[in-house]
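A.B. asks: Structure of the sequence below:
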Amino acid sequence: MEGKDKRQARRDKHDSVIEIFDAGGKFFASGRLGDLSSTGASFCTAAGIKLPEKFRARLRVLGKGVMEVEAAVVRVSREKNCVSYGIKFSGMKTVHPTGELKNSWQ
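C.D. replies: From the prediction side, this is the model:
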């Protein structure tokens, strides 16, 4: 019998992009989002990166839009083809809700 899941919120699988920014707002790295909840997420990078203790990130999530988060790393593990990170959000805001930018070229 497996142990009880102790997560605070339900996680949904996602195959999206996460963009990570340094304290000055400059692009730092990107990765592949694995799952997402209201309290955190997991993502993978092909090569390991040294993330700061706290950082900002942008998530592009199908059906939800573009969200900006403030986060901290809570887990790092090496997997077969990537390095996996678990992060916990300390703040989140939706920058572009789904559909907001439709027909913006007109």
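
A.B. asks: Give the full set of residues in contact with the closest residue in space to L33 that isn't next to it in sequence.
C.D. replies: Excluding the flanking residues, the one nearest L33 by Cβ to Cβ, 6 or more residues apart in numbering is S16, at 4.4 Å. For every residue, glycine as well, the C-beta is placed using N, CA and C. Counting by Cβ atoms under 8 Å, 6 or more residues apart in numbering, S16 makes contact with R32, L33, L59, R60, V61, L62.

A.B. asks: what does the helix or strand hosting the first one contact?
C.D. replies: Per DSSP states H and E, R32 falls inside strand 27-36. Defining contact as Cβ under 8 Å, 6+ apart, one finds that strand 27-36 is touched by 11-22, 41-45, 49, 51, 55, 59, 61, 82, 84-85.

A.B. asks: and that strand, how far out from the chain's middle?
C.D. replies: Put simply, strand 27-36 sits 5 Å off its chain's centre (Cα atoms, centre = their mean, to the nearest Å).

A.B. asks: quick one: A29 and K50, what's the gap?
C.D. replies: 10 Å (Cβ to Cβ, to the nearest Å).

A.B. asks: neighbour-wise, which of these two wins?
C.D. replies: A29 (16 against 8; other Cβ atoms under 10 Å).

A.B. asks: Bridged to the more buried one, which residues?
C.D. replies: Note on A29: beta-bridge partners by DSSP bridges are I20.

A.B. asks: Quick check: it vs D15, distance?
C.D. replies: Going from A29 to D15 by Cβ to Cβ gives 18 Å.
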